[in-house]
Structure formats: C-alpha cells, structure tokens
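**Q** turn this into a model:
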Amino acid sequence: MSVYVDDAVVQWRGQRWAHLMADTLEELHAFAARLGIPRRAFQDKASGAHYDVTAELREDALRLGAVAISRHRDREQVRAVIRRARAQGRGEAE
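**A** Predicted coordinates:
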C-alpha cells in the first residue's frame, strides 16, 4: 500500500498546493496525522478523497516516504490513484 503526493501545481492564497492521496483511507488519515494535518482538513469531494498540502508539506511527505506522482509524466498512475480516491470518497472499496 502507498501514499502519494502529486505535483504542487495549484496556486491558492499565495501558495502552491498539491494533493495527498493513498491506496486506503486508513493509510491516508494516518499519514496526514504524521504530517500534523488535522482530520478536519480531509476532503472527499468529486475530486476524490485527499488532503490538500502546501509545497512545503509536500516535501515533508516525500521525506516521510510518500510516492511522488506527476500529472505530466505518470498519467496512468495518477488516473488510477484518482479513481481509488474517488471510490473512497463515495464510500466504495476498490
């Protein structure tokens, strides 16, 4: 099982943001807690189950073992991770 963090590509409130996703919700929440991200920051919207992380937190996640994925280079892997995240957000197991 893995935790993934995509490219920090979204500009918002003067910072670059990325998505922290995982193969399971249990892994996702545990990893977010290790990063000091409160559970209330969890999002399971149409974009899928994830936490938004700043570029700085993205680097921390990578140091803790998250797998970097690129929406530009790893398109198939990113699609698979997002499919799992969306299924998790809908309460489905994949």
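**Q** which helix or strand contains residue 77?
**A** In the assignment (DSSP states H and E), residue 77 maps to helix 75-89.
**Q** I'd like the average pLDDT over that helix.
**A** Computed over helix 75-89, the mean pLDDT rounds to 77.
**Q** relative to the helix or strand that contains residue 44, what are the paired strands and their orientations?
**A** Following DSSP H and E, one finds residue 44 within strand 43-45. Using DSSP bridges, strand 43-45 pairs in its sheet with strand 48-54 (antiparallel).
**Q** what's in contact with the least confident helix or strand in the chain by mean pLDDT?
**A** Within the chain, no helix or strand scores below strand 10-12, which has a mean of 74 by mean pLDDT, DSSP states H and E. Strand 10-12 is contacted by residues 16-18 when judged by Cβ atoms under 8 Å, 6 or more residues apart in numbering. C-beta: built from backbone N, CA, C; applies to glycine.
**Q** helix, strand, or coil at the residue sitting nearest the centre point of the chain?
**A** Centroid-nearest residue in the chain, with Cα atoms, centre = their mean: residue 20, separated by 1.6 Å. Of the three states, residue 20 takes strand according to DSSP: H, G, I helix; E, B strand; the rest coil.
**Q** for it, name its beta-bridge partners.
**A** On the basis of DSSP bridges, residue 20 is bridged to residue 5, residue 51.
**Q** how much space between it and residue 69?
**A** Taking Cβ to Cβ, to the nearest Å as the measure, residue 20 falls 11 Å from residue 69.
**Q** same check on residue 12?
**A** For residue 12, the distance to residue 69 (Cβ to Cβ) stands at 20 Å.
**Q** ok, residue 37 next?
**A** 19 Å.
**Q** higher neighbour count, those two?
**A** Taking neighbours as other Cβ atoms under 10 Å, residue 37 and residue 69 compare with residue 69 leading, 22 against 18.
**Q** who's in contact with that one?
**A** Counting by Cβ under 8 Å, 6+ apart, residue 69 makes contact with 4-7, 77-78, 81.
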